[in-house]
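Trainee: Sequence first, then the predicted structure, then my questions.
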Amino acid sequence: MVSSQVVVRGGPDRRLSPRVRASVDTVMHSAGVATRSPCRIIDISAGGARLRLYEILAPETSIQLALPGGMVDARIVWADGREAGCRFERPVDQTMIDLVLAKQRGAE
């Protein structure tokens, strides 16, 4: 028999990496679809982002998100109307997050 413990993450500690508020317009591509769709990054971390979408996407939808510095493969993990959370297939580094925030500062 194997015994273990479960620790439920709550509040701000439930994420693996902290999110940084952002407000940056970008585009995304849904896998297998030749079109691009605009979206807005609401917040971002090394592991994912919260997006405001202009189309409804279901959880588990595979997307590519255009970030300053390159395209990032991601998967929608939750969706609530026009907002959705995505998890990056590979975590992004702090440089890419800094580029997103610099783009935001440039747009203000």
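Mentor: Yep, that arrived. Numbers count the residues shown, from 1 in each chain.
Trainee: The chain: strands as residue ranges?
Mentor: Assigned by DSSP state E, the chain shows strands spanning 20-30, 36-44, 48-53, 62-67, 70-80, 83-88.
Trainee: Just want the angle from the lowest-mean-pLDDT helix or strand in the chain to strand 48-53.
Mentor: Least confident helix or strand, the chain: strand 20-30 with a mean of 74, by mean pLDDT, DSSP states H and E. With axes from the mean of the first three to the mean of the last three CA atoms, to 10 degrees as the basis, strand 20-30 and strand 48-53 are set at 70 degrees to each other.
Trainee: Quick one: distance of strand 20-30 to the chain centre.
Mentor: Offset of strand 20-30 from its chain centre (CA atoms, centre = their mean, to the nearest Å): 8 Å.
Trainee: Give me the contacts around that strand.
Mentor: Outside strand 20-30, the residues that touch it by CB atoms under 8 Å, 6 or more residues apart in numbering are 35-45, 49, 51, 57, 61-67, 71, 97, 100-101, 103-104, 107. Heads up, the C-betas are built off the backbone N, CA and C, glycines and all.
Trainee: before we move on, the earlier item: tell me which of the strands of the chain is the most buried.
Mentor: The highest mean neighbour count among the strands of the chain, using mean count of other CB atoms under 10 Å, belongs to strand 48-53: a mean of 21.
Trainee: for it, what is the average pLDDT?
Mentor: Strand 48-53 carries an average pLDDT of 92.
Trainee: so how far is that strand from its chain's centroid?
Mentor: Taking CA atoms, centre = their mean, the mean C-alpha location of strand 48-53 is offset from the chain mean by 5 Å.
Trainee: Please apply the same query to stretch 55-67.
Mentor: 9 Å.
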